[in-house]
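Asker: need a 3D model of the following:
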Amino acid sequence: MSFPINRCNPLVVAPLCNQADLRFASDLPITDHCDVIEVRLDCLADHLDQTAALLSTNKLGNPILATARHPDE
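Answerer: Numbering: from 1, shown residues only. Take a look at the predicted model:
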């Protein structure tokens, strides 16, 4: 997939922050509605196996931004 980063239009980012988000991303064509998938690893610590399974199937197709924020943020 070609992904132009110098686009004039703003990008839409879909954050995956909990188990429901992971199920949603697995079941529906989320990539039809966003440009980038943000995987919030700090929020998904209890669901890393499910997160890894989703990412390893490469069903998402969009660029992935992995975020691990400090609890104080």
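
Asker: how close does the residue with the shortest distance to the centre of the chain sit to residue 22?
Answerer: Compute the mean C-alpha point of the chain, and by CA atoms, centre = their mean the closest residue is residue 37, 3.1 Å away. Counting by CB to CB, to the nearest Å, the gap from residue 37 to residue 22 is 11 Å. C-beta here means a position set from N, CA and C on the backbone, and glycine is covered the same way.

Asker: which neighbours do those two share?
Answerer: Common neighbours of residue 37 and residue 22, counting by CB atoms under 8 Å, 6 or more residues apart in numbering, are residue 16.

Asker: so the residue nearest to the centre of the chain lies in a strand, does it not?
Answerer: Yes - secondary structure assignment places residue 37 in a strand (DSSP: H, G, I helix; E, B strand; the rest coil).

Asker: that one touches residue 25, doesn't it?
Answerer: Yes - counting by CB atoms under 8 Å, residue 37 does reach residue 25; the two are 7.2 Å apart.

Asker: show me where pLDDT drops low in this structure?
Answerer: 1-8, 57-60 (pLDDT under 70).

Asker: one more time with 90, if that's ok
Answerer: For the chain, the stretches flagged by pLDDT under 90 are 1-14, 19-37, 45, 47-66, 69-73.

Asker: what ranges do the helices span in it?
Answerer: Assigned by DSSP state H, the chain shows helices spanning 19-27, 48-56.
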